[in-house]
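Participant: Just to be clear, the model below is a prediction. Sequence and coordinates:
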Amino acid sequence: MSIAVSAPGKVLLAGGYLVLDKNYSGLVFGLSARIHTISTISVSETGTILVRSPQFATATWTYTVSSSENGVTVEQVPDKGSSKNTFVETTIRYVLSYLSLSKIVSSEITILADNDYYSQPTSTTPLRFNNLNVPLSSAHKTGLGSSAALVTSLTSCLLQAYSPAPLQLSGSSYLTKIHNLSQAAHCAAQGKVGSGFDVAAAVFGSCVYRRFSPSILQALPEANAPGFRQQLREAVDKSWDMGIEKTKIPKGVRVIMGDVDCGSSTPGMVKKVLAWREGEKEAARKQWDELERVNRGLIDLLAELSEGSHDAVRQQILDIRKNIRAMGEAADVPIEPEEQTKLLDAVSAGVPGVLGGVVPGAGGYDAVAFIVKDNEETVTALKEFLAKWDDGKVKALETREEQEGVRMEQTVQYEGFGNYLKLT
Ligand SMILES: Nc1ncnc2c1ncn2[C@@H]1O[C@H](COP(=O)(O)OP(=O)(O)O)[C@@H](O)[C@H]1O
Ligand SMILES: C[C@@](O)(CCOP(=O)(O)OP(=O)(O)O)CC(=O)O
């Protein structure tokens, strides 16, 4: 039986940096751009998992999997052309180790990413899952959180396919399990414990997020080291100290993401902001508390949004931006760089129907996100404005915010995508 699951991308609209500390919150929207994984289990063979990402060149990874005392051993079969895919490999290792299976049947897994995750050539109208014909490492990412969506989607798909008993994806305790296991695999693959807001959005969809204590994952042994299987199971099955308040996307407005053809390094920026916070404790505390206050103000305004409160939202976004710039100046990090300030101001003043815009997540030169009235004229006007700005360096993406997190999908919709996809 083929099983398909999808998980959404993210945008951290408010709470960048603050969300790294569990005393502060992040407003994260799940996006309609999803990463889909489709698995087909073999009826007779054991020990091999073949993963393909057919939108990319040489994106095939074959793994030999076998059960061992401390967890499931996953080894990539060398194949000319294919590089490593740490996120895929780690997820397989974590999920199968968690399940503690003695016999592991073979399976084939296909990954399909919605087009908004990567810059698309403008010359042709893309297919639903466009083929980019370049290796994954050369594709230009738009910053929607591909690894978190992929790990969450693949974790759920493997759990569904390999669990001895049928599972209810919609049940809250099962979602929590998917969350904990996806966070564990994602943190291991990226080699650090971040705030995890991206995985939380991929699992639960749009929410106000408060992080879990990093010690939950830092205490885990290395994969397949003594005690790994047992301690992974205990960590995933216990209750985590995180906070998820589901947010209702307000009627009448939507999010539009702008991909900026330029990049910033998130880890470098995080390091500098945290070093400033450590060095100037009192000033930083005041600044973070003020940012938290204005961020919570926006969360409350969006929760009760009506036509009459649009002006209040505009003002609140300006307050947030003012504080983000102050934090950037104090830490000497271009969180809202001057170029982005100009763009956000120009759009807010020049496109009717735009309530405001921010630099999402860690900020920098990567992306902008706008809150706009949800109508055709506004969207068209914004796209036209961006097309004329700075030689078209900023591209409006098609994706919008979406409430729902990880979900099961009907397999028929993928027929014809990925030459190899055999659905049963
Ligand atoms: N469509 C895909 N197919 C296969 N692997 C993917 C895909 N998208 C993302 N990944 C995995 O996620 C990694 C990218 O993660 P990362 O650099 O953290 O980017 P992001 O900020 O988008 O999460 C890739 O190297 C690969 O391991
Ligand atoms: C600084 C942060 O709080 C937010 C970063 O958000 P982004 O959305 O910018 O993340 P990347 O996709 O990894 O670049 C770090 C964190 O929360 O882990």
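Facilitator: Happy to help now that I have it. Numbering: from 1, shown residues only. Ligands and ions are numbered 1, 2, ... in the order given.

Participant: contacts, neighbours, all on C-alpha from now
Facilitator: Noted.

Participant: Which residue ranges of the stretch 51-200 of the chain form strands?
Facilitator: Ranges of strands in the stretch 51-200 of the chain, per DSSP state E, counting those that start in this stretch, are 60-68, 71-76, 105-113.

Participant: And for the stretch 251-400 of the chain?
Facilitator: Listed in chain order, the strands of the stretch 251-400 of the chain (DSSP E, counting those that start in this stretch) span 253-260, 354-358, 367-373, 394-396.

Participant: In CSV: these, plus distance to ligand 2.
Facilitator: CSV is the format used below for the strands of the stretch 251-400 of the chain (distance: least, CA to the nearest ligand atom, whole Å):
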stretch, distance to ligand 2
strand 253-260, 12
strand 354-358, 12
strand 367-373, 8
strand 394-396, 16
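
Participant: Could you identify which of these is most buried?
Facilitator: Among the strands of the stretch 251-400 of the chain, ranked by average contacts under mean count of other CA atoms under 10 Å, first place goes to strand 354-358 (a mean of 25).

Participant: Mind listing what's buried along stretch 126-146?
Facilitator: Neighbour-count burial for stretch 126-146, with 16 or more other CA atoms under 10 Å as criterion, is recorded at 129-132, 135-136, 141-146.

Participant: could I get those residues as a markdown table with pLDDT and distance to residue 304?
Facilitator: Converted to a markdown table, the buried residues of stretch 126-146 look like this (pLDDT from 0 to 100; distance: CA to CA, whole Å):
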| residue | pLDDT | distance to residue 304 |
| --- | --- | --- |
| 129 | 93 | 36 |
| 130 | 92 | 38 |
| 131 | 91 | 42 |
| 132 | 91 | 42 |
| 135 | 94 | 45 |
| 136 | 95 | 42 |
| 141 | 92 | 34 |
| 142 | 93 | 31 |
| 143 | 92 | 29 |
| 144 | 97 | 27 |
| 145 | 96 | 28 |
| 146 | 98 | 31 |
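
Participant: just to revisit the earlier point, quick one: the strands of the stretch 251-400 of the chain as JSON lines, columns for distance to residue 219 too.
Facilitator: Formatted as JSON lines, the strands of the stretch 251-400 of the chain follow (distance: least, CA to CA, whole Å):
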{"stretch": "strand 253-260", "distance to residue 219": "37"}
{"stretch": "strand 354-358", "distance to residue 219": "36"}
{"stretch": "strand 367-373", "distance to residue 219": "34"}
{"stretch": "strand 394-396", "distance to residue 219": "42"}
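
Participant: Quick one: closest of the ones you listed to residue 296.
Facilitator: Nearest to residue 296 among the strands of the stretch 251-400 of the chain is strand 354-358 (15.3 Å), distances taken as CA to CA.

Participant: Between strand 367-373 and that closest one, find me the angle.
Facilitator: Here strand 354-358 points in a direction 160 degrees away from that of strand 367-373 (axes from the mean of the first three to the mean of the last three CA atoms, to 10 degrees).

Participant: Pull the residues that contact strand 354-358.
Facilitator: Outside strand 354-358, the residues that touch it by CA atoms under 8 Å, 6 or more residues apart in numbering are 13, 310-311, 313-314, 317-318, 321, 344, 347-348, 368-373, 378, 382.

Participant: Could you check the angle it makes with strand 253-260?
Facilitator: Comparing the axes of strand 354-358 and strand 253-260 via the same axes, to 10 degrees yields an angle of 40 degrees.
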